[in-house]
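Engineer: What follows is a predicted structure for the sequence shown.
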Amino acid sequence: MSYQKEQDSNSNETKEMHKNFEEENPHPPAIEDVVNQQAQNVRNDKASIFCSDWIHIIYLSIFSVIGVTFRSFIGRLFGGDCDPQSAVKDWLYPLSHRICVTTNGRTEQYGGALFIDLPDNMFGSFIIGFFTGHSSEWPAIPFLKHDHPLQGDQGLHLGIRTALCGSLTTFSSWNSQMVLMMDGTANPYLGSQVISALFGYVIGLQCSIVSFRAGRTLSAWFQNRNNPYLFDSNLIRSVSELRPCHNHCHWLSPVTFVLSICVLIALYVWGDVYWGMSYYRELWIACLIAPLGTVTRWKLSKLNGKWSKYPWFPLGTWLANFFGSIFSAALTAIAYLNVVSGESGTTVLAALSLGFAGSLSTVSTYVKETVELSDKNPFHDKKAFAYSYFTILSCCFVGLLVYSPLVRYAA
């Protein structure tokens, strides 16, 4: 009897040992199961990337419309409405026709070096400097605490920096005005204004750089107020994670922006239909096509750092400005030649220049990259100088190559 109990006890211990061993050393899964699990992980990753890309595209589209709107009205405010032929006599005109700081290079007014888009480029460079700060490790939104839920909204950050600032500033229109002034065909009264155009390039670049640095300085002030641990090593960040956010926070922000943009475009359409102003037709068409230029530039930006011979060179940004300059120069020449007849055709050309070409090119990112190249390298290093002026010279050359033959020999 005792022998039987001892055998049962040994058997139970053996089973328990086998059970523990199997738990600690499970059998390897079958190859088919491993392959299926890997395939499922790949599908999940692709779905996540797909959803993330679409969220980014939505934010890029929203802020593109905002940037184009700001650029158009700021351009009018500081000089666009001072030309009687292109003035828009609406609610802004009583103020804008008195503030004649800039000129479009087509009138008898001297001073084309202060080009129409100079205030836009300065304002956009200031904004990107404010939201970039002095370090990529700083919280993205300077006037909020580091643990605020919006600090983790990557789509919002991308929309502000890439779409808003990129569409508010424009390299292509700036370059086209300098090319138009150099050629002189469009302004027989003043003729070729090469010196003014060269000063226009230098003034445009330097003013944008100063605006970018001013934005970074203001950002540091806000960060010091809201996140003092960034500047005082004795202070420790109390919380490393973002504050919890209700479920509605994830969809409330983009939905609010989308509704606001729909209302804005509807107002432009109403201005076109009710007032019969081609300016508002140009605006709503430009707002619809601006996201295409912004998304193209965003995709091109992924080429930055991919040039094996010159990994420091922002190839994607240069390509965006280069192709934007070609497109804008061609549109400017076509508009001068009156190839497209009728007011509707002229409006569509202006909308393409304002919306697509203006959003494809960018001054804010170009200036940001120039300043960062200067900060990261020794003072005697030539990378920042080479990038900034190679961009200007190459775009100026290709702009003249496209514009001048068309207006001089195709007429």
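Structural biologist: In hand now; what should we look at?
Engineer: Residue 58 contacts residue 254, doesn't it?
Structural biologist: Yes. Contact criterion CB atoms under 8 Å: residue 58 and residue 254 qualify, at 5.8 Å. In short, each C-beta sits where N, CA and C put it, glycine included.
Engineer: Find residues that contact each of the two.
Structural biologist: residue 155 (CB atoms under 8 Å, 6 or more residues apart in numbering).
Engineer: those helices in the stretch 151-300 of the chain, which residues are they?
Structural biologist: 154-158, 165-168, 171-183, 194-226, 248-270, 278-300 (DSSP state H, counting those that start in this stretch).
Engineer: most neighbours per residue, which of these?
Structural biologist: Neighbour counts averaged per stretch over the helices of the stretch 151-300 of the chain are highest for helix 165-168, at a mean of 32; criterion: mean count of other CB atoms under 10 Å.
Engineer: elements contacting it?
Structural biologist: helix 31-77, helix 118-132, helix 278-300, helix 358-360, helix 364-376 (3 or more CB pairs under 8 Å, 6 or more residues apart in numbering; DSSP states H and E).
Engineer: which one of those helices lies closest to residue 383?
Structural biologist: Of all those, it is helix 364-376 that lies closest to residue 383, at 4.7 Å by CB to CB.
Engineer: now the angle from the following helix or strand past that closest one to helix 171-183?
Structural biologist: Next along the chain after helix 364-376, taking DSSP states H and E as the criterion, comes helix 383-409. If you take axes from the mean of the first three to the mean of the last three CA atoms, to 10 degrees, helix 383-409 sits at 60 degrees to helix 171-183.
Engineer: Off-centre distance for helix 383-409?
Structural biologist: 22 Å (CA atoms, centre = their mean, to the nearest Å).
Engineer: So for it, what gets flagged as buried?
Structural biologist: Under the neighbour-count criterion of 16 or more other CB atoms under 10 Å, helix 383-409 has 383-384, 387-388, 391-392, 395-396, 398-400, 402-404, 406-407 buried.
Engineer: ditto for stretch 84-104
Structural biologist: 88, 96, 97, 100, 102, 103, 104.
Engineer: tell me which of the residues you listed is nearest to residue 207?
Structural biologist: Nearest member of the buried residues of stretch 84-104 to residue 207, counting by CB to CB, is residue 102, at 11.6 Å.
Engineer: hang on, the earlier thing: closest to residue 275 among the buried residues of stretch 84-104?
Structural biologist: Distances from residue 275 to the buried residues of stretch 84-104, taken by CB to CB, are shortest for residue 88, at 9.9 Å.
Engineer: I'd assumed residue 281 was in contact with that closest one.
Structural biologist: No. With contact defined as CB under 8 Å, residue 88 does not reach residue 281; the gap is 11.5 Å.
Engineer: Output the below-cut-off pLDDT ranges for the protein.
Structural biologist: 1-51, 108-111, 233-251, 411 (pLDDT under 70).
Engineer: Name the residue closest to the centre of the chain, please.
Structural biologist: Residue closest to the average C-alpha location in the chain (CA atoms, centre = their mean): residue 162, at 2.2 Å.
Engineer: which ones are touching it?
Structural biologist: 60, 63, 294, 297, 298, 301, 365.
Engineer: Show me which pair in the residues you listed is furthest apart.
Structural biologist: It's 63 and 301 that sit farthest apart of the contacts of residue 162, by CB to CB, at 15.1 Å.
Engineer: who has more neighbours, those two?
Structural biologist: residue 63 (28 against 19; other CB atoms under 10 Å).
Engineer: for the buried residues of stretch 84-104, which one is nearest residue 262?
Structural biologist: residue 88 (23.0 Å).
Engineer: Wait, a strand at the closest one?
Structural biologist: No. Secondary structure of residue 88 (DSSP: H, G, I helix; E, B strand; the rest coil): coil, not part of a strand.
Engineer: now it: how far from residue 162?
Structural biologist: 29 Å (CB to CB, to the nearest Å).
Engineer: Same check on residue 212?
Structural biologist: 15 Å.
Engineer: ditto for residue 279
Structural biologist: Where residue 162 is concerned, residue 279 sits at a distance of 27 Å (CB to CB).
Engineer: next one: residue 172
Structural biologist: Distance, residue 172 to residue 162, by CB to CB: 16 Å.
Engineer: ok so, going back, so which of the contacts of residue 162 is the closest to residue 262?
Structural biologist: Using CB to CB, these come closest to residue 262 at residue 63, 14.4 Å.
Engineer: What is the burial count for the nearest residue to the closest one once chain neighbours are set aside?
Structural biologist: Distances taken as CB to CB, 6 or more residues apart in numbering place residue 163 nearest to residue 63, at 3.5 Å, with adjacent residues excluded. Residues within reach of residue 163, counting by other CB under 10 Å, total 31.
Engineer: Surely residue 163 touches residue 61?
Structural biologist: Yes. Contact criterion CB under 8 Å: residue 163 and residue 61 qualify, at 7.5 Å.
Engineer: Now the common contact residues for those two.
Structural biologist: Contact with both residue 163 and residue 61 is made by residues 291, 294, according to CB under 8 Å, 6+ apart.
Engineer: quick one: contacts for residue 286?
Structural biologist: Residue 286 sits in contact with 68, 72, 350, 351, 352, 354, 355, 358, where contact means CB under 8 Å, 6+ apart.
Engineer: Could you find the closest non-adjacent residue to the first one?
Structural biologist: This points to residue 68. Going by CB to CB, 6+ apart, residue 68 has residue 290 as its nearest residue, at 4.7 Å.
Engineer: quick revisit: which of the helices and strands packed on helix 165-168 sits closest to residue 216?
Structural biologist: So among the helices and strands packed on helix 165-168, helix 118-132 is nearest, using CB to CB, at 4.4 Å.
Engineer: if I pick the nearest residue to residue 373 once chain neighbours are set aside, what's in contact with it?
Structural biologist: Spatial nearest neighbour of residue 373, chain neighbours left out: residue 384 (4.0 Å); criterion: CB to CB, 6+ apart. Counting by CB under 8 Å, 6+ apart, residue 384 makes contact with 370, 371, 373, 374, 377.
Engineer: All good on my end, thank you.
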